[in-house]
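Build me a model from this:
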Amino acid sequence: MGHAFDVLSQRVIGAALAVHCELGPGFLESTYEKALCVALRHRSIRFECQRNIDIVFERARVGTARIDLIVDRSLIVEIKAVDAFAPAHFAQLRSYLRATRLHTGLLLNFNKPTLEIRRIVFD
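Have a look, this model is predicted:
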């Protein structure tokens, strides 16, 4: 998984950098999400946008969550447009990883002069 993930994450980060370079900071998260979807599509990277997942406790569905992007069925991408990442942003991504049984996610903050990227690995 290591090398394949590195290639995939580099391609996603490249697409995100292209979005950030063109749009810069200051827009809503939804704008960056739509632009990133366009960038991924133009780069022939498979993804699902705004995917609902079930939250399960003791085999009972207790809620749903909506994930910004799942790339190539293996990488969760959460998009933010905030002044700074908060602990809740990291907790949210870890919860999504746990709920989907995926292992790696990218947290992207477009509201900075330079795109802010954090990689989260969940074991």
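
Buried residues in stretch 80-92, which are they?
Within stretch 80-92, the residues that count as buried by 16 or more other C-beta atoms under 10 Å are Lys80, Ala81, His89, Gln92. Quick note: C-beta positions are derived from backbone N, CA and C, even for glycine.

got a list of contacts for it?
25, 27-29, 32, 78, 107-111, 116, 118, 120 (C-beta atoms under 8 Å, 6 or more residues apart in numbering).

Other residues contacting stretch 113-123?
Contacts of stretch 113-123 (C-beta under 8 Å, 6+ apart): 9, 13, 16-17, 20, 25, 85, 90, 93-94, 97-98, 102-109.

rewinding a little: among the contacts of stretch 80-92, which are located in helices?
Glu29, Tyr32 (DSSP state H).

Nearest to Arg66 among the buried residues of stretch 80-92?
Gln92 (10.9 Å; C-beta to C-beta).

Regarding the chain, what is its longest helix?
The chain, longest helix under DSSP H: helix 2-23.

For that helix, which helices and strands make contact with it?
On a contact count with 3 or more C-beta pairs under 8 Å, 6 or more residues apart in numbering; DSSP states H and E, helix 2-23 meets helix 29-42, strand 75-80, strand 104-109, strand 116-121.
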